[in-house]
Each structure stands twice: as structure tokens, then as C-alpha cells.
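Enquirer: Here's my sequence, what's the structure:
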Amino acid sequence: MTNADSFVIVVGFDGSKQSRGALEWAVEEARYRDAELRVVTVWSKAPMAWYPALLETAAGEVVAEESPEQQAAALGAEAAQSATGVNVVTRIIHNDSAASAILETARDADLVVVGSRGHGGFAGLHIGSVSAQVANHSPCPVLVVRPKSVAP
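Expert: Predicted coordinates for the structure are as follows:
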């Protein structure tokens, strides 16, 4: 633990179904332990690599798609809102590696919680590359939340 009074839980959140499960688990654990919950959302598009798509709404209005940074901020706000009654600190980090951003945030944490898979990669894998990197390099225990299996 970081000190005698506070327990710190770091959770990676990208809006995927698995990260939502990890967030739910981390929120409940933070409530149980009266812990600080650090929600990490990472965006990695270089500023010149993103051009806003113009979208037409059903009402005929033309709107620009949100930037990756705006999307990450919205995800962080959504995560914080779902954690009512918990001491939540959201971190929106611009980094090329979600794993390194989570690991950096976890330097003084007591527990890291991640979903087994995020948005990218191959759907058939049991664990994603971010989850694997965090589990292999974390300075503290890591919980990888997997989806519930369907009974045969």
C-alpha cells in the first residue's frame, strides 16, 4: 500500500465491453476498501493524423466528428459518473502505448484492474496485448477481468 490510510486502484478504461466490466469491478472494490480509484483513458492519434469527418444529422445539420482527445475525455467523464460515491481521479493521457500509460499511473498503486481485451487486435485471443503487458510489468498486483463464459 502507498501509506497506512489510502489504497489506490488503477483501472484502464477505453469504453470497450471488457473495460466496462473492469471499471465495474474496480468501482465495487474501491467502495469496499474506501480507496482512491484512478481511471486511465489513453488517446494516441498524432494531431496531424486526424482529420474530422463531417457528418450529417437526421435534421440536416452538419457536425464534425469529435477528436480522439475529446472522445477520451468523454470516456473519462462517463467512467467518473458511473463511480458515484467513490474517490475518482480521471487521467486522460496522450501516449502511444496504453500499457505504458497504465503502468506509469500504477507506480504507487496497490492494484491495477484491466479488461481482458480492448477495442483492437484479434477477437479470438483470450487476452489482449495491453492486458498482457500490464500483467507482466506492473509494480503491483493486477486483476484481468474476463467476460463471463456462456454455459454450454
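Enquirer: can you pull out the strands in this structure?
Expert: Using DSSP state E, the strands found in the chain span residues 8-12, 36-43, 54-56, 62-64, 87-94, 111-115, 142-145.
Enquirer: average pLDDT for the fifth one?
Expert: Confidence for strand 87-94, expressed as mean pLDDT, is 83.
Enquirer: Same check on the fourth one?
Expert: Mean per-residue pLDDT for strand 62-64: 64.
Enquirer: Show me the contact partners of the lengthiest helix in the chain.
Expert: Criterion DSSP state H: the longest helix present in the chain is helix 17-33. In this structure, residues lying in contact with helix 17-33 by C-beta atoms under 8 Å, 6 or more residues apart in numbering are 7, 9, 11-13, 35-37, 39, 79, 82-83, 85-87, 111, 113-118, 143, 145-147. Where you see a C-beta, it was placed from the backbone N, CA and C, and this is true even at glycine.
Enquirer: where's stretch 91-110 relative to the chain centroid, distance-wise?
Expert: 10 Å (C-alpha atoms, centre = their mean, to the nearest Å).
Enquirer: Ok, stretch 16-28 next?
Expert: For stretch 16-28, the distance to the chain centre is 8 Å (C-alpha atoms, centre = their mean).
Enquirer: List the buried residues for that stretch?
Expert: Across stretch 16-28, burial judged by 16 or more other C-beta atoms under 10 Å covers Ser16, Gln18, Ser19, Arg20, Gly21, Ala22, Leu23, Trp25, Ala26, Val27.
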